[in-house]
Each structure stands twice: as structure tokens, then as C-alpha cells.
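Q: sharing a model prediction with you, sequence too.
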Amino acid sequence: IEVLRLIAEGKTNHEIAAELAIAVKTVKTHITNIFAKLEVGDRTQAAVYVHRNGPL
């Protein structure tokens, strides 16, 4: 949920990793899983989902 919130704020993978003190690779894994769960194809669609529906 934190990664999805930061995506919706427009943060980059590196910014998300720094803010959450995790590796960029871990961020990428979370993003892949988020896209699959939300059935979206990119960051923009994920951000739109959050703005329309709120976080998970």
C-alpha cells in the first residue's frame, strides 16, 4: 500500500526505495505485483486507480 501511495504521488522507483529504505529491485517487484493485482499496465493507470478508488 505504501508503494502504491508513492506511485500515486508521482515518485520514481529510486525515490520510493529511499523513502522506504528498501532496494530499488524490491520496489520493482512490489510494482509488478501491484500492477497484477489491480489489473493495470503502467504507473499512470495505477495512480488513476488510487485517485478514483483510494488505496487498497
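A: Nice, I can see it. Numbers count the residues shown, from 1 in each chain.
Q: C-alpha from now on. contacts and neighbour counts both.
A: OK.
Q: now the lengthiest helix in the chain: mean pLDDT?
A: In terms of residue count, the longest helix belonging to the chain (DSSP state H) is helix 24-38. Across helix 24-38, pLDDT averages out at 96.
Q: and if you look at stretch 43-56?
A: 86.
Q: for stretch 1-19, same thing?
A: 95.
Q: distance from it to the middle of the chain?
A: Here the centre of stretch 1-19 is set off from its chain's centre by 6 Å, with C-alpha atoms, centre = their mean, to the nearest Å.
Q: can you check stretch 22-32 too?
A: The chain centre lies 9 Å from the centre of stretch 22-32; the measure is C-alpha atoms, centre = their mean.
Q: buried ones in that stretch?
A: Within stretch 22-32, the residues that count as buried by 16 or more other C-alpha atoms under 10 Å are 24, 27-28, 30-31.
Q: so who does the residue nearest to H14 when sequence neighbours are not counted touch?
A: Once flanking residues are discounted, H14 sits nearest to V24: 5.9 Å by C-alpha to C-alpha, 6 or more residues apart in numbering. Each residue near V24 by C-alpha atoms under 8 Å, 6 or more residues apart in numbering is listed here: 13-14, 16-17.
Q: closest to E39 out of the residues you listed?
A: N13 (19.7 Å; C-alpha to C-alpha).
Q: hmm, V27 and that closest one touching each other?
A: Yes. Counting by C-alpha atoms under 8 Å, V27 is a contact partner of N13 at 6.3 Å.
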